[in-house]
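[1] Have a look at this prediction, sequence included:
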Amino acid sequence: MLYLKQNVLQEWVTFLIGSQPYRYRCWHRSSEQWCLQGKTYHTFGTIHVVFGLISMVITGLILCILRSHSLMKSTCYKILLALGMISWFSVGTLSIWPGFMSIRGTVFCNYPFLGMIAGRSLTLEWVAGSSLCLFLAFNRIADMTRNKILLKFFDKPIKVLFTFSSIFLYSSSFAFITDPCLYNSSLRGYSINPYNEEEPDLFSNIWIHFHNVSFIIFLSIIAVVVVYKLCTDRENCWRGTSDLQRKLLLQSIFISTQYLIPCFVYLISYFWSTAEQPQCFIEGSHVWMEVTAGFNGVVCLFFNRPIRVKFLKEIGLKNYVIQPNKRTSAPSVTRSVM
């Protein structure tokens, strides 16, 4: 770890001036020779690219609708918008870039600069998304318990903006100091090892694992509180709440699962060498993150009828809008989502 700490800034400077740090050196082979290390998967890569492009178009349209909707007065929806934006960028690093690399049959050393940007972007997206997920869960706890102390964290926009800024700085620090995950077409997945004939022990992302463990612990505590409240005070916490609040809780559970499963996968990979992991394990974890990121917008449509109605109208399918049998008054919301 001493080697890493002494050379983080030097490596950044080296990359910014267009050179290659020693740990990520690729100059001892030609581009053609590095291509021999990769594997070409035209069908696999094409599926990634097509899925990514479709997901980015759908998610982008949904984010535009959500941004201009009156629901944005709610703190919870502001968090969901931020998570949706992260998912939009994540599709690029989880679908578009891997698809391009798979079609070309290339490895990190064929595009070291772009590969490093994609890897560090993925780190930032992961840390920011999982941190916002905890913030969303905390918001739902405040809403369920109606605790006045917890509600004060969400009663003013400036407090929410401060939290967003803190999460961005926190995530950026991880992207700066940790070794990035780099895509390899022969693995069909990400690995911190660039496979440039350097010792694997030179690369480590122990801080990411520390973040993942903290995420699992805090999310587990929140989950226990949610289950306890639902079991002991079901009338007020579920039946006594509006349909909007119940759907927000279900949507939050889905987003939490999206980040929780990869956390366990990363912890397993920490004690399990990449070279020894089954291919299905590497591909499965990658596909899970890719699909959940791509379908975040669809989940938003499923749980939010106003967004779904406007989306169908925007794409010319307003005739498919199903009108509710009964018109009810607008659901009330507590201070936590205002």
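    Great, that's in hand. Residues are numbered from 1 along each chain as shown.

[2] what about Phe51, distance to Ile217?
    33 Å (Cβ to Cβ, to the nearest Å). Any C-beta I mention is one placed from the backbone N, CA and C, and that applies to glycine too.

[3] Same check on Ser172?
    Taking Cβ to Cβ, one finds Ser172 at 23 Å from Ile217.

[4] higher neighbour count, the two?
    Neighbours per residue (other Cβ atoms under 10 Å) separate Ser172 from Ile217, with Ser172 holding more: 15 against 10.

[5] Around the nearest residue to that one once chain neighbours are set aside, how many other residues sit close by?
    Take Ser172 and drop its neighbours on the chain: the residue closest to it by Cβ to Cβ, 6 or more residues apart in numbering is Leu124, 6.2 Å away. Counted with other Cβ under 10 Å, the neighbours of Leu124 add up to 23.

[6] Leu124: which element?
    Per DSSP states H and E, Leu124 falls inside helix 112-145.

[7] Can you spell out which helices and strands pack onto that helix?
    Secondary-structure packing of helix 112-145 (3 or more Cβ pairs under 8 Å, 6 or more residues apart in numbering; DSSP states H and E): helix 75-91, helix 148-151, helix 157-177, strand 182-184, helix 206-232, helix 243-270.

[8] picking that back up, the residue nearest to Ser172 contacts Ala175, correct?
    Yes. Contact criterion Cβ atoms under 8 Å: Leu124 and Ala175 qualify, at 4.0 Å.

[9] what's the spacing between Thr40 and Leu83?
    Noted for Thr40: a distance of 34 Å to Leu83, by Cβ to Cβ.

[10] what do you get for Ile54?
    From Ile54 to Leu83 the distance is 19 Å (Cβ to Cβ).

[11] tell me the average confidence for the helix or strand that contains Thr46?
    Here Thr46, judged by DSSP H and E, is contained in helix 42-67. Throughout helix 42-67, pLDDT has a mean value of 91.

[12] and if you look at stretch 211-230?
    Mean per-residue pLDDT for stretch 211-230: 87.

[13] What is the burial count for Ile268?
    12.

[14] per-residue pLDDT, it?
    For Ile268, pLDDT reads 75.

[15] list the contacts for Gly105?
    35, 38-41, 185 (Cβ atoms under 8 Å, 6 or more residues apart in numbering).

[16] Output the residues you listed in TSV, with distance to Thr292 and neighbour count appended to each entry.
    TSV is the format used below for the contacts of Gly105 (distance: Cβ to Cβ, whole Å; neighbours: other Cβ atoms under 10 Å):
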residue	distance to Thr292	neighbour count
Cys35	31	18
Gly38	26	21
Lys39	26	16
Thr40	27	15
Tyr41	22	20
Ser185	22	25
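
[17] what's the farthest-apart pair in those residues?
    Spatial extent of those (Cβ to Cβ) is set by the pair Cys35 and Tyr41 at 13.5 Å.

[18] Show me where this protein dips below the pLDDT cut-off.
    Within the chain, the ranges that satisfy pLDDT under 70 run 1-20, 233-243, 270-278, 317-338.

[19] what about Ile86, how many neighbours?
    23.

[20] which ones are touching it?
    Counting by Cβ under 8 Å, 6+ apart, the residues that Ile86 touches are 125, 128-129, 132.

[21] Make a markdown table out of these and add distance to Ser165.
    Below are those laid out as a markdown table (distance: Cβ to Cβ, whole Å):
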| residue | distance to Ser165 |
| --- | --- |
| Glu125 | 17 |
| Ala128 | 11 |
| Gly129 | 16 |
| Leu132 | 12 |
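
[22] Out of those, flag the one nearest to Gln245.
    Leu132 (19.2 Å).

[23] Surely that closest one touches Leu83?
    Yes. Leu132 sits in contact with Leu83 when judged by Cβ under 8 Å, with a separation of 5.3 Å.

[24] buried ones in stretch 259-273?
    Neighbour counts over stretch 259-273 (16 or more other Cβ atoms under 10 Å) mark 259-260, 262-263, 265-266, 269 as buried.

[25] Also stretch 181-189?
    Buried, per 16+ other Cβ under 10 Å, within stretch 181-189: 181-185, 187-189.

[26] Stretch 130-140 too?
    Those would be 130-140, for stretch 130-140 by 16+ other Cβ under 10 Å.

[27] before we move on, what about stretch 174-182?
    For stretch 174-182, a neighbour-count test (16+ other Cβ under 10 Å) marks 174-175, 178-182 as buried.

[28] Out of those residues, flag the one nearest to Leu66.
    Checking the buried residues of stretch 174-182 one by one against Leu66 (Cβ to Cβ), the nearest turns out to be Ala175, at 25.9 Å.
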